[in-house]
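>>> my questions are about this predicted structure, shown below with the sequence.
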Amino acid sequence: MNKQWWKESVVYQIYPRSFQDSNGDGIGDLQGIISRLDYLELLGINVVWLCPVYQSPNDDNGYDISNYQNIMNEFGTLADWEELLAGLHARGMKLIMDLVVNHSSDEHAWFAESRKSPDSPYRDYYIWRAGKDGHEPNNWGSFFSGPAWEYDAQTGEYFLHLFSRKQPDLNWDNPKLRQEIYDMMTWWLDKGIDGFRMDVINLISKVPELPNVGKDQEDGERTYHFGGEYFVNGPRVHEYIQEMNREVLSKYDIMTVGEAIGVTPEEAALYVGEDRNELQMLFHFELMEVDSGPGGKWDVQPWKLADIKSIFSKWQTALHGKGWNSLYLNNHDQPRMLSRFGDDKHYPKESAKMLATLLHTLQGTPYIYQGEEIGMTNVKFDSINDYKDIEILNMYKEYRAAGYAEEEIMNSIYVKGRDNGRTPMQWSAEPQAGFTTGTPWLAVNPNYTEINAEQALADPDSIFHYYKKLIELRKSHDIFVYGDYAILAEEHEQVYAYLRTLGEEQLLVMLNFFGRPAAFELPACVIFKEKTLLIANYGVQPEEDIRSLSLRPYEARVYRLR
Ligand code: ISL
Ligand code: CA
């Protein structure tokens, strides 16, 4: 087994805008994060992934960067950032930064130059094309609704934007642009950061002809389609990431994780294979799609345990000994995992702990998203006006225009909207959950009076303390990190159970995914002389026979077998 610090780490993701406000303007900031470092240290995490803190007009909350080498005014200064880095390092924690280089902001100096003239030396930093018959150059749609092209009157051409019109795609086929990015990455690494999370990194290479998706829409109104076949894992993506690795990443002892929309485990192995010299981990999206119907993200369907099991099993097996998994069930783009995969009404504590047990007992590096460790939930605002996310607001307009009922749209937003994960961190039962003394940029979830960190710290049986214990177990037992994985009783309709094996030792994990008891027979192939209970979310009699048992609602148990 190839031991690495980043395999043994637990990562905590911070969405700075919503973590802690220090000056009462309602926006989380760097000094706010600094004031909470003791909390992170207590939890026991090793690495902080900081979502973008660079200068940005905030069309997409920092994922539209206008200056990669400075800090957003609302968040503080470079000096504050240095203080944060030093504070983390002093406590033995590391920092990874978000790298958003599929696109920049349209307010970046490169784009300001680029749009001036077709002869600008920066023209080719972005993807410009002439229109076709008074239409966009092709029929690709943006991830955030509408076309993926914006007409720019100054030169009479269109530029490509896979995300918002204020996020023009960078042209990775231009070696000068690539060098600028590598220099910028080096600048941050030389400041002492410990790695990068790379935003939609598998979209950076586009098929140069930028072909239409499906048939040309000659007649009638133009419609826009997902053009993924021409930019997901595009033709030169591995060449570019290998170059980035050679020029930058390989020179440092760092951690890298790429966000990769639409990758299979086979494709993932090309990015994270240990012999590939690219990245170390990916965030894949298969689990994030288990509750989507044929209509896509907003077409909400119930998930099936069989799908969850088969997706985890597939990835655990495919990357074993070859690459490394990242383990997550929510982030700043996703609904809260407790509301999505657990039961936030009847069994919040039990189900949050059960899901945590899953994430911390598989092979891979677990990622905790802020608030997950205290059981934060989805939110339901009455009006669309209370929402702030560009994806939600654009989708709302599009679906309204297409004639969908208000109620149906709001329901999709309640279940899937990104603002579910972006409501302010709930620190205490004080006004605004202790997040701000002012008016928060996005309203606090009204359940903060019951669900908050202060309460969680005071209750020894809280979700927080359970996370802390899981993290300690992972740190003190190699088998949690390196053990190999075998699913048990695959067909069981209610229970997800598996074995992890390392040398003579085994871990037995049993998880009831539902709010009703589940009878479970341990398969005969599991043989042991001794068993020790390492962690559970209910009281368990140590002498209990585990060959045949009834698991309580959302019960989770982890045994060490010898
Ligand atoms: O899941 C999604 C598709 O509907 C989106 O929420 C998301 O845009 C996608 O997962 C890509 O995410 C990343 O890049 C975006 C940014 O808005 C997200 O916050 C980021 O994580 C563009 O930079
Ligand atoms: Ca602030």
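Ah, there it is. Numbers count the residues shown, from 1 in each chain. Ligands and ions are numbered 1, 2, ... in the order given.

>>> need the pLDDT of the closest residue to ligand 1 within the stretch 151-300 of the chain.
Residue nearest to ligand 1 within the stretch 151-300 of the chain (C-beta to the nearest ligand atom): Phe163, separated by 4.4 Å. The C-beta positions use only the backbone N, C-alpha and C, and glycine is treated the same way. Note for Phe163: predicted pLDDT of 98.

>>> could you do Asp219 as well?
Asp219 is given a pLDDT of 46.

>>> same question, Asp133
At Asp133, pLDDT is 89.

>>> what is the burial count for it?
6 (other C-beta atoms under 10 Å).

>>> how near is it to Arg222?
Counting by C-beta to C-beta, to the nearest Å, the separation of Asp133 from Arg222 is 10 Å.

>>> next: Ser164.
19 Å.

>>> which of those two has more neighbours?
Ser164 (23 against 13).

>>> that one contacts Pro57, doesn't it?
No - Ser164 lies out of contact with Pro57 (C-beta atoms under 8 Å); the separation is 10.6 Å.

>>> how about Thr449, nearest residue that isn't a chain neighbour?
Excluding the flanking residues, the one nearest Thr449 by C-beta to C-beta, 6 or more residues apart in numbering is Ala429, at 4.9 Å.

>>> which SS class is the one you found?
coil (DSSP: H, G, I helix; E, B strand; the rest coil).

>>> so it makes contact with Pro446?
No - in this structure, Ala429 is not within contact of Pro446 by C-beta under 8 Å, at 11.6 Å.

>>> quick one, what contacts the most centrally placed residue in the chain?
For the chain, the residue lying nearest the average C-alpha position, counting by C-alpha atoms, centre = their mean, turns out to be Asn331 (4.1 Å). By C-beta atoms under 8 Å, 6 or more residues apart in numbering, Asn331 lies in contact with Gln13, Phe283, Tyr367, Tyr369, Gly421.

>>> at 6 Å what do you get?
Taking C-beta atoms under 6 Å, 6 or more residues apart in numbering, we find Asn331 in contact with Gln13, Tyr369.

>>> now Trp298. Its backbone dihedrals?
phi -90, psi -10 (degrees, to the nearest 10).

>>> do the one 3 residues further on as well
When quoted as degrees, to the nearest 10, the phi and psi of Gln301 stand at phi -130, psi 150.

>>> that one - nearest residue in space that isn't next to it in sequence?
Gly293 is the one closest to Gln301 (C-beta to C-beta, 6+ apart), at 4.3 Å.

>>> and the gap between that neighbour and Lys416?
Separation of Gly293 from Lys416 (C-beta to C-beta): 11 Å.

>>> give the contact list for whichever residue of the stretch 351-500 of the chain sits closest to ligand 2.
With C-beta to the ion, the shortest gap between the stretch 351-500 of the chain and ligand 2 falls at Thr436, namely 7.2 Å. By C-beta under 6 Å, 6+ apart, the contact set of Thr436 is Asp21, Gly26.

>>> now swap in Leu327 and tell me
Leu359, Leu362, Gly364, Pro366.

>>> got the end-to-end distance for stretch 91-110?
38 Å (C-alpha to C-alpha, to the nearest Å).

>>> what's the answer for stretch 269-283, then?
12 Å.

>>> and that stretch, does that touch ligand 1?
No - using C-beta under 6 Å from any ligand atom, stretch 269-283 never reaches ligand 1; the gap is at least 8.7 Å.

>>> got the contact list for stretch 398-418?
Ser145, Lys297, Trp298, Val300, Asp333, Pro335, Lys380, Asp389, Glu391, Ile392, Tyr396.

>>> still on that earlier bit, neighbours of the residue nearest to Thr449, just the number please.
14.

>>> need phi/psi at it.
Torsion angles, degrees, to the nearest 10, at Ala429: phi -90, psi 10.

>>> same question, Met255
The phi/psi pair for Met255 (degrees, to the nearest 10) is phi -110, psi 140.

>>> wait, doesn't it sit right on Gly195?
Yes - using C-beta atoms under 6 Å, Met255 makes contact with Gly195 at a distance of 3.6 Å.

>>> okay, the closest residue to Phe285 other than its chain neighbours: pLDDT?
In space, and not counting its chain neighbours, Phe285 is closest to Ile261: 5.7 Å by C-beta to C-beta, 6+ apart. Ile261 is assigned 97 on the pLDDT scale.

>>> hang on, Trp303 packs against Val290?
Yes - between Trp303 and Val290 there is a contact under C-beta under 6 Å: 4.2 Å.

>>> who has more neighbours out of those two?
The neighbour comparison of Trp303 against Val290 (other C-beta under 10 Å) goes to Val290, with 18 against 15.

>>> buried stuff in stretch 15-27?
Buried residues in stretch 15-27, counted by 16 or more other C-beta atoms under 10 Å: Tyr15, Pro16, Arg17, Ser18, Phe19, Gln20, Asp21, Ser22, Gly26, Ile27.

>>> just those residues now: which is nearest ligand 1?
Nearest to ligand 1 among the buried residues of stretch 15-27, with distances taken as C-beta to the nearest ligand atom, is Tyr15, at 9.1 Å.

>>> without its sequence neighbours, what residue ends up closest to that closest one?
Here the residue nearest Tyr15, using C-beta to C-beta, 6+ apart, is His332, at 4.5 Å.

>>> what's the one you found in contact with, if anything?
Tyr15, Cys51, Gly421.

>>> how about Ala318?
Taking C-beta under 6 Å, 6+ apart, one finds Pro265 in contact with Ala318.

>>> rerun at 7 Å
By C-beta atoms under 7 Å, 6 or more residues apart in numbering, the contact set of Ala318 is Pro265, Ala269.

>>> could you measure from it over to Val263?
Ala318 is 11 Å from Val263, by C-beta to C-beta.

>>> can you list the domain ranges for this structure.
The chain is divided into the following domains under automatic domain parsing: 1-99+327-379+423-480, 109-160, 182-212+221-324, 385-417, 483-561.

>>> start and end of the second one, how far apart?
Just to be clear, that refers to domain 109-160. 17 Å.

>>> what separates that domain from the chain centre, distance-wise?
29 Å (C-alpha atoms, centre = their mean, to the nearest Å).

>>> check stretch 471-479 too.
Taking mean C-alpha positions (C-alpha atoms, centre = their mean), stretch 471-479 and its chain are 23 Å apart.

>>> what do you get for stretch 444-455?
Offset of stretch 444-455 from its chain centre (C-alpha atoms, centre = their mean): 23 Å.

>>> which stretches in the stretch 101-250 of the chain count as strands?
Along the stretch 101-250 of the chain, counting by DSSP state E, counting those that start in this stretch, strands occupy 128-129, 149-152, 157-160, 195-198.

>>> interface residues of this structure facing ligand 2?
Counting by C-beta under 5 Å from the ion, the chain comes close to ligand 2 at Asp21, Asn23, Asp25, Ile27, Asp29.

>>> and with 8 Å instead?
Proximity of the chain to ligand 2, by C-beta under 8 Å from the ion, involves residues 21-29, 31-32, 74-75, 436.

>>> any low-confidence regions in the stretch 101-250 of the chain?
Across the stretch 101-250 of the chain, the ranges flagged by pLDDT under 70 are 215-221.

>>> residues of it that sit close to ligand 1?
Residues of the stretch 101-250 of the chain lying close to ligand 1 (C-beta under 6 Å from any ligand atom) are Phe143, Phe163, Asp199, Val200.

>>> as CSV, the residues you listed with distance to Leu40 and neighbour count would be great.
Output for those, formatted as CSV (distance: C-beta to C-beta, whole Å; neighbours: other C-beta atoms under 10 Å):
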residue, distance to Leu40, neighbour count
Phe143, 31, 17
Phe163, 30, 24
Asp199, 23, 20
Val200, 27, 22
